[in-house]
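[1] here's my sequence, what's the structure:
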Amino acid sequence: MAHSHPNSPGHGHAPGHAHAHSHGPATPHPAQAAPRSILRMTVVSRIGAALVVTAALWAVVWLAMR
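    Residues are numbered from 1 along each chain as shown. As a prediction, the model looks like this:
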C-alpha cells in the first residue's frame, strides 16, 4: 500500500506532524558548536574541574553530617 504523501493518514504520524530535519535518514546530524565541553578541555583543566566538583560534594557531605 503506497501513500502519495509521507504524512498521509495511516502512515503512523500524528496529524499536522512536520519533519524539522534537513538531512536524509542515513546521514548523521551535522556538527554543532559546543562552547563548553569537557572534551575540549585540557587534561590539567579536567583535573582542576574534578577537584572543584569533589570539594563541593565533600562540602555537601560535611554540612549534612553537622
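[2] list the contacts for Met41?
    Ala49 (C-beta atoms under 8 Å, 6 or more residues apart in numbering). The way it works is simple: take the backbone N, C-alpha and C, and place the C-beta from them, glycine included.
[3] if we go to 10 Å?
    47-49 (C-beta atoms under 10 Å, 6 or more residues apart in numbering).
[4] quick one: the helices in the protein, in order.
    43-65 (DSSP state H).
[5] related to what we said a few turns ago, relative to Leu63, which of the contacts of Met41 is nearest.
    Relative to Leu63, the closest of those is Ala49; by C-beta to C-beta it sits at 21.4 Å.
[6] for the nearest residue to the closest one once chain neighbours are set aside, give its distance to Met65.
    Here the nearest residue to Ala49 in space, its sequence neighbours aside, is Met41; by C-beta to C-beta, 6 or more residues apart in numbering that works out to 7.0 Å. Distance check for Met41 against Met65: by C-beta to C-beta, to the nearest Å, it reads 32 Å.
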